[in-house]
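*Asks:* When you get a sec, could you give me coordinates for this:
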Amino acid sequence: MTNPWRTRFLDHDTRPRPKTAFWCARCQKAIKPGSPYRLVHIIAGGPLVLHPEDEALYRPDDGDMGLHPVGMDCARRLGLEWTHKPR
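*Replies:* Alright, predicted model coming up:
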């Protein structure tokens, strides 16, 4: 059975430790205070990014990792339509 929601592989670059407390979930580089950024909803299985329009279809489970920031370059590479605006 396939899931009814769309996902995309995050294609992340894991590093031993991000250098700051606020970093991009894709490239793990620091996001400077005041810089624009977006959010992605990460779920298990890749990690995978859940498409914002499919939030209502997704039922959180043990693999739900929540919303994480991504820098604007990474958000564009992923596709802005796959990201949320921060509140």
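*Asks:* Tell me who's in contact with Gly79.
*Replies:* By Cβ atoms under 8 Å, 6 or more residues apart in numbering, the contact list for Gly79 reads Arg8. Where C-beta positions appear, they are placed from N, C-alpha and C, glycine not excepted.
*Asks:* just for this structure, where's the confidence low?
*Replies:* 1 (pLDDT under 70).
*Asks:* Nearest to the spatial middle of the chain, which residue is it?
*Replies:* Closest to where the C-alpha atoms of the chain average out (Cα atoms, centre = their mean) is Val40, at 2.9 Å.
*Asks:* show me where the protein has helices.
*Replies:* Using DSSP state H, the helices of the chain run over residues 72-78.
*Asks:* contacting residues for the closest residue to the residue nearest to the centre of the chain other than its chain neighbours?
*Replies:* Nearest residue to Val40 in three dimensions, chain neighbours excluded: Val49, at 4.6 Å (Cβ to Cβ, 6 or more residues apart in numbering). Counting by Cβ under 8 Å, 6+ apart, Val49 touches Thr7, Arg8, Phe9, Leu10, Val40, His41, Ile42, Ile43, Leu78, Trp82.
*Asks:* Recalculate using a threshold of 6 Å.
*Replies:* By Cβ atoms under 6 Å, 6 or more residues apart in numbering, Val49 lies in contact with Arg8, Leu10, Val40, Trp82.
*Asks:* repeat for Ile43
*Replies:* Contact partners of Ile43, counting by Cβ under 6 Å, 6+ apart, are Leu50, Gly63, Asp64.
*Asks:* where along this protein do the strands fall?
*Replies:* Here the chain has its strands, by DSSP state E, at 7-9, 37-43, 48-50, 64-71.
*Asks:* just the contacts of Ile43 now: which is nearest Ala21?
*Replies:* For these, the closest approach to Ala21 (Cβ to Cβ) belongs to Asp64, at 21.8 Å.
*Asks:* how far away is Thr83 from Asp54?
*Replies:* To Asp54, Thr83 is 13 Å away according to Cβ to Cβ, to the nearest Å.
*Asks:* sorry, back to before: just checking, the residue nearest to the centre of the chain touches Val70?
*Replies:* Yes. Between Val40 and Val70 a contact is recorded at 5.5 Å, counting by Cβ atoms under 6 Å.
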